[in-house]
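[1] everything below, folded, please.
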Amino acid sequence: MATKVLTAHVPLSLAEKVDHLAARLERSRGWIIKQALTAWVDQEEERRRLTLEALADVDAGHVIDDQTVQAWADSLDTDNPLPAPR
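    Numbers count the residues shown, from 1 in each chain. I've put the predicted structure just below:
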């Protein structure tokens, strides 16, 4: 697999945490950073997918009005909570 070197300035405290993790896990600093960056990119891609899915629902009119949601939320502290709005 082809690779590319990326350079970033990070706070000293974060760099020290990476070094401690690398030592504890007996892995290289690069391995730790690659794992963290991969997880962050995956999370951001999922966030974007979910956002686009939610916007498509809004465009299609699949929404719940705020009064219904507020009534449901208010009911959660009662003896007879309302079912989640759909």
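[2] what does the pLDDT read for M1?
    As predicted, M1 sits at a pLDDT of 89.
[3] count of neighbours near it?
    2 (other C-beta atoms under 10 Å). Any C-beta I mention is one placed from the backbone N, CA and C, and that applies to glycine too.
[4] can you give me the helices in this protein?
    12-25, 29-59, 66-75 (DSSP state H).
[5] rounded mean pLDDT for the longest one, please.
    To tie it back to what came earlier, the one meant is helix 29-59. Mean pLDDT, helix 29-59: 98.
[6] tell me the angle of that helix relative to helix 12-25?
    Orientation of helix 29-59 against helix 12-25 (axes from the mean of the first three to the mean of the last three C-alpha atoms, to 10 degrees) gives an angle of 110 degrees.
[7] and V10, what is it in contact with?
    Taking C-beta atoms under 8 Å, 6 or more residues apart in numbering, we find V10 in contact with V18.
[8] ok, it to Q43 distance?
    Counting by C-beta to C-beta, to the nearest Å, the gap between V10 and Q43 amounts to 18 Å.
[9] do the same with P83
    Computed as C-beta to C-beta, the P83 to Q43 distance reads 31 Å.
[10] the more surrounded of these two?
    Q43 (10 against 7).
[11] looking at R86 now. What's its pLDDT?
    89.
[12] quick check: the gap between it and H62.
    In terms of C-beta to C-beta, R86 sits 10 Å off from H62.
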